[in-house]
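Enquirer: Could you work out the structure for the sequence below:
(2 chains)
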Amino acid sequence: MLSMLPQKRFDLLDWFFFGALFAIFGISLLTIYSVTSSTPPSFSNMPLYLKQFFWILLGMVVFTVFATIDYHESARFAYPLYFLSVFLLLVVLVLGREINGAQRWISIGTLNFQPSELTKVSTLLLLAKYFSDHPPGKGLNIQKLAIPCALLLVPMILVLKQPDLGTALAILSIFFSIVFVIGFRSKFLIYFLLLSLMIVPFIGQVLWGGLKQYQKDRIITFLNPANDPMGTGWHIIQSKIAIGSAGFWGKGLGDGTQSQLKFLPERATDFIFAVFSEEWGFMGIVVLFSLFAFLCWWGIDVAHKAKDLLGVLIAVGIVGILSFYFLVNAGMALAVLPVVGVPLPFVSYGGSAMVTNLGLLGLLLNIKLKRFVLFH
Amino acid sequence: MKERYFPVEENSEIQTRVYLFFGFIITILALYLIRAYDLQINQKAYFEGLAENNRMRIVSVMPSRGIIFDRHGIALVNNIPSFNLYAVRGDMADPSAVLDRLSTFILIEDIDRIRKELLLKKEPLVLTKIKENLSLSEIAKVEGHSSDLPGIKITAELRRNAVYGKLAAHSVGYVGEVSKAQLKLERYRGFRQGDRVGQSGIEQAYDSTIRGVPGKKWVEVNVMGQELNVLREEKPVEGDDIFLTLDLKLQKVAEEALGEEAGSVVAIDPVNGEVLALVSRPAFDPNSLSEGISTRTLLPLLNDKSRPLMNRSIQGQYPPGSTFKIIMGAAILETKEADPSYSIRCNGFMQFGNRAFRDWKKEGHGSVDFRRSIVESCDVYYYQMGNRMGVDTIAKFANLFGFGKRTGFLLASEKPGLIPSTAWKKKRLKEPWYPGETLSVSIGQGYVLVTPLQMGMMISAVANDGTLYTPKMIQKVRSRRTGVNQDEPPAKATPVEISKETLGLLRSALTDVVQTPQGTAFRSKSEFVPFAGKTGTAQVVVIKKGDDRKKKLAKEINDHAWFVSYAPLEKPKIAVVVLVEHGGHGGSAAAPIAKKVIEAYLVPDAPTHPAETSPKANPVTVEG
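Expert: Numbering: from 1, shown residues only, chains lettered A, B, ... in the order given. Predicted coordinates for the structure are as follows:
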């Protein structure tokens, strides 16, 4: 697949990027293997790590496709995609209400499709295109933010109604990333935003800690009724135990007692970070964080060198949403953030997220490759 | 990094913010790393402990204790299922509240003590017993509210069950929680608090055989502490069964014959030294002691003045009284101090120094030879003979018959009794021996102390013509795993260095004690089986001159009644010793009991046991 790409235009950083990405795939497959190998695969039931492997292959195809399609071409479909995703979200909401309270899927024949994945991509393209079409000049002010905010809120509210807090916050993170990079007119606002973003996890923790348990439960239940408030604390404790008991070197592949004895919930998906940490310890976390930080740096480098504002904003939005997922998931496992069911990008088992995330990376690569092209 | 070919407007500001954005992400990652470091390095031990307790618990699987049978295979002690209620401190967020809630469903005795114990529990996963032997309705109530009672669990366990209650209680003993003091002993190495071990009797003496080896179960538990599934199991090794030499029927007869009196009955097979019956009264109920919360039941027994926990057969040390004349007789004949035909004149007392040593028969026995001295139990004869032989000669012969030292019986805390000598007195009391004291010893008074079991072995040796056995109470051990019976070695036999002639003369005299009208036990003569014996009436307090001890003596200072006997006269099959504490005369208080035991053993079909005896309080049925 990669041979389809113009490899001679890759620089050293790009090769390191592929190395880091494949290392994270390796972590994903090993960890999924370790938590699911105990359940023997049946004829109809392919082992989960194998499924994940095929999702990675499919994701790489999508990655290659997005890497070869000019991002300006992609951005041209921003509005149609945006309205399509809003329409699909409405369909899901209507159908979902008839079936049960938390339906996120549309079934077309045997194919299951999750419109919220499309929503993320379309909102990203839409916001980047809007701001590059309407350059804010000396910075954003309230008037200039009104339309993008309205465009943002429609899909966000629809996603929240599903209810899917994770995706709603992810869409919000795209918005914040883009808005942050564009900058506000008032210097004060910039610093205020920067400062507040920096301390959000800690202020949030303090505010959150100050609430009574029943209030917390109410908030969580309100935002995400699918989450069992009684179960939440249990999962957090188990995750902390899993990570804490691992020590510096971890317990080794498949030897994580917390994971193997199923004290951890959602071991292949939402809590895969805890499983990985239990097996590989503090060293593993350092390695995983380094790999992810490198991916981020590569994305930031792409944004930095992008030839136009559209490229910068798309790149920043992509880095923003992937970082959001990574930080929220790891923060949840480390018990510094409340439980929000989001996957760890490129590691958690899940086809939709894998394909979407790799598509976004493909988009990033395209932005990088297009920086030398004069005309499109 | 300045390789921009198509700079955008305000590129430098946006570029700066792109880097700032990266800085923001890296900052959070760094903070996460600090968090991970704190969890994984600083708090590692804490979380390791949690993980270990979390993932699984190791639960001991107690083996069922071996069953204790009598010599005919009738179970004396077995195991019955019992549902017990436990609390696991580690699974309870608020133990006190859970206890309070629990107490609204079922009655919990001693709730304050349990609450305290629970709250002070150092090991959170060690079980605290709340209640034993739950009824079905209690089980239903607890199970029905189990979701409101985290950390409360019901466990089906085997409870030790003495089938016949108090019967042979001292021999079988009881099972209880290992005490803190015991845990410090080498013998209880590897035991944990809450483990149950034999605390007396055979349960204690053969604990390692009966107990088996506990197994272990690695279980996965959920947040309520309930077992989800068993990960691994080491099966316990069941305890082995024990067959005693005790004869349950005989034991029952002996216990009933002794009735409500305090005392002891010992029945020995003189042929092989096997203990056929071993009674000590008052007794305790092993079942009440075998319950886990033992302090409640044990303390009253420990404080009971009648000392029901004491096994009088081996721990009771009594002056032997006139039964000691058997030893004296052997000494006299063996030392040739007197010919059997040598007679003395008994006037009812013997003047020694300034003190008159009185005979039990005030008017005296007249002319008394060896045979008559035993048959009529003449004290004056033995005063004279004892005085002539001296205390050390007496001690030598007493020691030959096993007195003054432990018999070597398997049950714990056997007492040695006491046979005084000049050397002993000098050593222990730092005083010289006074000749007058020899006279007291001659009639089994003074410093002399014996246990009923010692007496049983002595009279067995007389009956079997000179073999002193170490009493044997275990017949065989049956392995639960293989079903193979392992016979215990025969009782250790020591020849008593007494001539056959002397033993023959003694037996002849002992026969006449029961069989002739002059004999002190003639009134207990059996119409079914002839037996031989010797009465004893051991003074508890020294009766001063002029006292009439027959008159209204309080029960506590009434004499101990002894009777030692064997039957039949030729080739004896049973030796019986009876001691009735404060029973009065041996002939009237002890001999009838021995007679019942002998008859029950030798002529079980006899139309026996006259209706004179009152209906027994404890109707015990002998069934398999």
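
Enquirer: Show me where chain B dips below the pLDDT cut-off.
Expert: B:1-11, B:52-58, B:122-125, B:218, B:222-225, B:231-232, B:291-297, B:541-556, B:606-624 (pLDDT under 70).

Enquirer: Please put the alpha-carbon coordinates of the helix or strand that contains residue B:594 into PDB.
Expert: According to DSSP states H and E, residue B:594 maps onto helix B:591-602. Only the C-alpha atoms of helix B:591-602 are listed here, as PDB (Å, rounded to 0.1, in the frame of the first residue of the first chain):
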ATOM      1  CA  ALA B 591     -17.800 -52.400  95.000                       C
ATOM      2  CA  PRO B 592     -21.400 -52.500  93.700                       C
ATOM      3  CA  ILE B 593     -20.400 -50.300  90.800                       C
ATOM      4  CA  ALA B 594     -17.500 -52.600  89.900                       C
ATOM      5  CA  LYS B 595     -19.900 -55.600  90.200                       C
ATOM      6  CA  LYS B 596     -22.200 -54.100  87.600                       C
ATOM      7  CA  VAL B 597     -19.400 -53.500  85.200                       C
ATOM      8  CA  ILE B 598     -18.000 -57.000  85.600                       C
ATOM      9  CA  GLU B 599     -21.400 -58.600  85.200                       C
ATOM     10  CA  ALA B 600     -22.200 -56.500  82.100                       C
ATOM     11  CA  TYR B 601     -18.900 -57.500  80.500                       C
ATOM     12  CA  LEU B 602     -18.800 -61.200  81.400                       C
END
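
Enquirer: and it, what other elements does it pack with?
Expert: Other elements packing on helix B:591-602 under the criterion 3 or more Cβ pairs under 8 Å, 6 or more residues apart in numbering or on different chains; DSSP states H and E are helix B:248-258, strand B:263-269, strand B:532-538, strand B:560-567, strand B:574-580. (Each C-beta comes from the backbone N, C-alpha and C, glycine too.)

Enquirer: Which of the ones you listed has the highest mean neighbour count?
Expert: strand B:574-580 (a mean of 32; mean count of other Cβ atoms under 10 Å in any protein chain shown).

Enquirer: Residues in contact with it: which ones?
Expert: B:258, B:261-270, B:276, B:312, B:316, B:318, B:452-453, B:455-456, B:459-460, B:463, B:560-567, B:589-591, B:593-594, B:597-598, B:601-602 (Cβ atoms under 8 Å, 6 or more residues apart in numbering or on different chains).

Enquirer: show me what contacts the residue of chain B found nearest chain A?
Expert: Per Cβ to the nearest Cβ, the residue of chain B with the smallest distance to chain A is residue B:47, at 2.8 Å. Applying Cβ under 8 Å, 6+ apart, we find residue B:47 in contact with A:240-241, A:243-245, B:39-40.

Enquirer: which of those residues tops the neighbour count?
Expert: residue A:243 (31 neighbours; other Cβ atoms under 10 Å in any protein chain shown).

Enquirer: Ignoring the adjacent residues along the chain, who's closest to that residue?
Expert: Nearest residue to residue A:243 in three dimensions, chain neighbours excluded: residue A:277, at 4.4 Å (Cβ to Cβ, 6 or more residues apart in numbering or on different chains).

Enquirer: Which helix runs longest in chain B?
Expert: As assigned by DSSP state H, the longest helix anywhere in chain B is helix B:11-37.

Enquirer: Determine the set of other helices and strands touching that helix.
Expert: Partner elements for helix B:11-37 (3+ Cβ pairs under 8 Å, 6+ apart): helix A:165-182, helix A:187-210, helix A:272-305, helix A:309-333.

Enquirer: Let me know which of those is tucked in deepest.
Expert: helix A:309-333 (a mean of 26).

Enquirer: what's the following helix or strand after it?
Expert: That would be, after helix A:309-333 and using DSSP H and E, helix A:351-369.

Enquirer: returning to that earlier point: least confident of the helices and strands packed on helix B:11-37, on average?
Expert: Within the helices and strands packed on helix B:11-37, the stretch with the lowest mean pLDDT is helix A:187-210, showing a mean of 64.

Enquirer: any idea where the strands of the stretch 351-500 of chain B begin and end?
Expert: Assigned by DSSP state E, counting those that start in this stretch, the strands in the stretch 351-500 of chain B fall at B:355-358, B:366-368, B:467-469, B:474-478, B:485-487, B:493-495.

Enquirer: List the neighbours of the last one that are in contact with it.
Expert: Right, the one you point to is strand B:493-495. Contacts of strand B:493-495 (Cβ under 8 Å, 6+ apart): B:273, B:402, B:466-470.

Enquirer: Any buried residues in it, and which?
Expert: Buried residues in strand B:493-495, counting neighbours by 16 or more other Cβ atoms under 10 Å in any protein chain shown, are absent.

Enquirer: got the CA coordinates for the helix or strand following that strand in CSV?
Expert: On the C-terminal side of strand B:493-495, the nearest following helix or strand under DSSP H and E is helix B:500-515. C-alpha atoms of helix B:500-515 as CSV (Å, rounded to 0.1, in the frame of the first residue of the first chain):
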residue,chain,number,x,y,z
LYS,B,500,4.2,-66.3,91.2
GLU,B,501,3.7,-67.8,94.7
THR,B,502,3.2,-64.3,96.2
LEU,B,503,0.8,-63.3,93.4
GLY,B,504,-1.1,-66.5,93.9
LEU,B,505,-1.5,-65.9,97.7
LEU,B,506,-2.6,-62.3,97.0
ARG,B,507,-5.3,-63.5,94.4
SER,B,508,-6.5,-66.1,96.9
ALA,B,509,-6.9,-63.4,99.6
LEU,B,510,-8.5,-61.0,97.1
THR,B,511,-11.0,-63.7,96.1
ASP,B,512,-12.0,-64.2,99.7
VAL,B,513,-12.6,-60.4,100.1
VAL,B,514,-15.7,-60.9,97.9
GLN,B,515,-16.4,-64.5,98.2
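
Enquirer: what packs against helix B:500-515?
Expert: Under the contact rule (3+ Cβ pairs under 8 Å, 6+ apart), helix B:500-515 is packed against helix B:325-334, helix B:370-375, helix B:452-463, strand B:532-538, strand B:560-567.

Enquirer: Briefly note if stretch A:125-134 comes near chain B.
Expert: No: using Cβ under 8 Å from any Cβ of the partner chain, we find that stretch A:125-134 stays clear of chain B, coming within 9.0 Å at best.
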